[in-house]
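>>> can you look at this prediction? I've put the sequence above it.
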Amino acid sequence: MPTILGQNQYGKAENRVVKVIRDGDTHHIKDLNVSVALSGDMDDVHYSGSNTHVLPTDTTKNTVFAFAKEYGIESPEQFGIELARHFVNSQEPIGRARIRIEEYSWQRIPASAGGAASGGGAGEHRHSFVREGQEIRTAQVTFDGESVEVLGGLKELTVLNSTDSEFWGFLKDKYTTLREDYDRILATEVAAAWRYQWAGEGVPEPDWNESYAEARGHLLRAFAETYSLSLQQTLYQMGVRVIENRPEIDEIRFSMPNKHHFRVDLEPFGLKNEAADGAVYYAADRPYGLIEGTVLRDGAEARIPVDLTAP
Ligand SMILES: O=c1[nH]c(=O)c2[nH]c(=O)[nH]c2[nH]1
């Protein structure tokens, strides 16, 4: 045969599973998008069409929903670990499972003062929610029958510093028109994925939810507190902050579009438009600079795929 099969995987993508937890009248919601990718001894199905090694993608979908009911969803990482282990441990031909999860978060709607419908805690509705306009939490769990690799992360976390950002001293050639800037807006939409040291055996699992909240907080504070000479410098400082403060995390990868804000030329209207006086900017949509990079604990291996966080 002049051709052979290369890398392959299959599974059901984007299972949108919503789990309601009822605690008396007070409800809680978990809202996930779960993608399953399985691989292993799958030559036959490709070469001859024999399905004897194929667990249907329909079954993988059903498993996602059944596990949400049977085991609940403590965290996207935990849910991914349960699923990945199940597929590999229960089916001989399946050697590897990769579970990718996005989590959308919902906030309780605040109740009107003294409103009869309230009572779900301090002034909140018990079973009415508003989708948070903020970031999406992400997780990827891969199990190969021996070790588990867990990546936590987030995307669409949009942040802006209205000062403390400069960009100057760059290379210039005959095509360069960009002016040096000593006081600019720095804005980006952070996509980050971080890799946990934990590999599954013998050691207790990290508290995934606490680790997520802490990593997110470090990213935001590092963004706010870095006096930036470039988005690249800010990216590195954000990574350093997480690696230095979270011993359970060894590697973090970022994809950060530079959401350009250009000071508008108002000279034609006889108006000065200086940053120092509070300027008017044009928020450009595209193209955008795209700054990407990995920050590692010294000695750790770079294992997060470069395209995982990319747009
Ligand atoms: O922070 C920045 N990094 C760059 O590499 C770059 N390039 C550019 O045109 N503007 C910026 N800003």
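Arrived safely.
>>> now do the helices in the protein.
Taking DSSP state H, the helices of the chain run over residues 43-47, 57-71, 76-90, 208-225, 231-245.
>>> does the last one reach the ligand?
Which is helix 231-245. Yes: counting by CB under 6 Å from any ligand atom, the ligand has neighbours in helix 231-245: 231, 232. (Glycine included, C-beta is placed from N, CA and C.)
>>> and the average pLDDT for that helix is what?
Helix 231-245 carries an average pLDDT of 98.
>>> elements contacting that helix?
Applying 3 or more CB pairs under 8 Å, 6 or more residues apart in numbering; DSSP states H and E, one finds that helix 231-245 makes contact with strand 186-196, helix 208-225, strand 249-258, strand 289-296.
>>> in CSV, list those along with mean neighbour count, mean pLDDT and distance to the ligand.
Shown next, in CSV, are the helices and strands packed on helix 231-245 (neighbours: other CB atoms under 10 Å; pLDDT from 0 to 100; distance: least, CB to the nearest ligand atom, whole Å):
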stretch, mean neighbour count, mean pLDDT, distance to the ligand
strand 186-196, 23, 98, 7
helix 208-225, 17, 98, 13
strand 249-258, 24, 98, 5
strand 289-296, 17, 98, 5
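>>> tell me how far residue 170 lies from residue 258.
13 Å (CB to CB, to the nearest Å).
>>> cool, residue 36 as well?
To residue 258, residue 36 is 34 Å away according to CB to CB.
>>> got it, and residue 286?
11 Å.
>>> do the same with residue 72
Taking CB to CB, one finds residue 72 at 40 Å from residue 258.
>>> if we can go back for a sec, out of the helices and strands packed on helix 231-245, nearest to residue 281?
Closest approach to residue 281 among those (CB to CB): strand 186-196, 9.7 Å.
>>> just checking: what are the partner strands of the closest one?
Based on DSSP bridges, the pairing partners of strand 186-196 within the sheet are strand 148-161 (antiparallel), strand 249-258 (antiparallel).
>>> get me the contact residues on the protein for the ligand.
Residues of the chain lying close to the ligand by CB under 6 Å from any ligand atom are 167, 178, 230, 231, 232, 258, 289.
>>> quick check: which of the helices of the chain is nearest to residue 111?
Among the helices of the chain, if distance is taken as CB to CB, the winner is helix 208-225, at 25.0 Å.
>>> pull the distance from that closest one to the chain's centre.
Computed by CA atoms, centre = their mean, to the nearest Å, the separation of helix 208-225 from the middle of its chain amounts to 12 Å.
>>> tilt between that helix and strand 186-196?
150 degrees (axes from the mean of the first three to the mean of the last three CA atoms, to 10 degrees).
>>> for helix 208-225, packing partners?
For helix 208-225, the packing partners by 3+ CB pairs under 8 Å, 6+ apart come out as helix 76-90, strand 148-161, strand 186-196, helix 231-245.
>>> so which of the ones you listed is the most surrounded?
The highest average neighbour count among these, using mean count of other CB atoms under 10 Å, belongs to strand 186-196 at a mean of 23.
>>> would you mind writing the CA trace of it as CSV?
Output in CSV follows, covering the C-alpha atoms of strand 186-196 (Å, rounded to 0.1, in the frame of the first residue of the first chain):
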residue,chain,number,x,y,z
LEU,A,186,-2.4,48.7,26.8
ALA,A,187,-5.3,46.3,26.3
THR,A,188,-5.5,42.7,25.6
GLU,A,189,-7.7,39.6,25.7
VAL,A,190,-5.8,37.0,27.6
ALA,A,191,-5.9,33.3,26.6
ALA,A,192,-3.8,31.3,28.9
ALA,A,193,-3.3,27.6,29.6
TRP,A,194,-1.2,26.3,32.5
ARG,A,195,0.1,22.9,33.2
TYR,A,196,-0.1,21.2,36.6
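>>> okay, the angle between it and strand 289-296?
Put simply, strand 186-196 runs at 30 degrees to strand 289-296, going by the same axes, to 10 degrees.
>>> look up phi and psi at the most far-flung residue of the chain relative to its centre.
What lies farthest from the middle of the chain is residue 270; by CA atoms, centre = their mean that is 45.4 Å. Residue 270 has phi and psi values of phi 70, psi 20 when expressed as degrees, to the nearest 10.
>>> ok, now which ones touch residue 196?
Each residue near residue 196 by CB atoms under 8 Å, 6 or more residues apart in numbering is listed here: 77, 149, 150, 151, 152, 206, 211, 248, 249, 250.
>>> shaky segments in the chain?
Applying pLDDT under 70 to the chain flags the ranges 1, 113-122.
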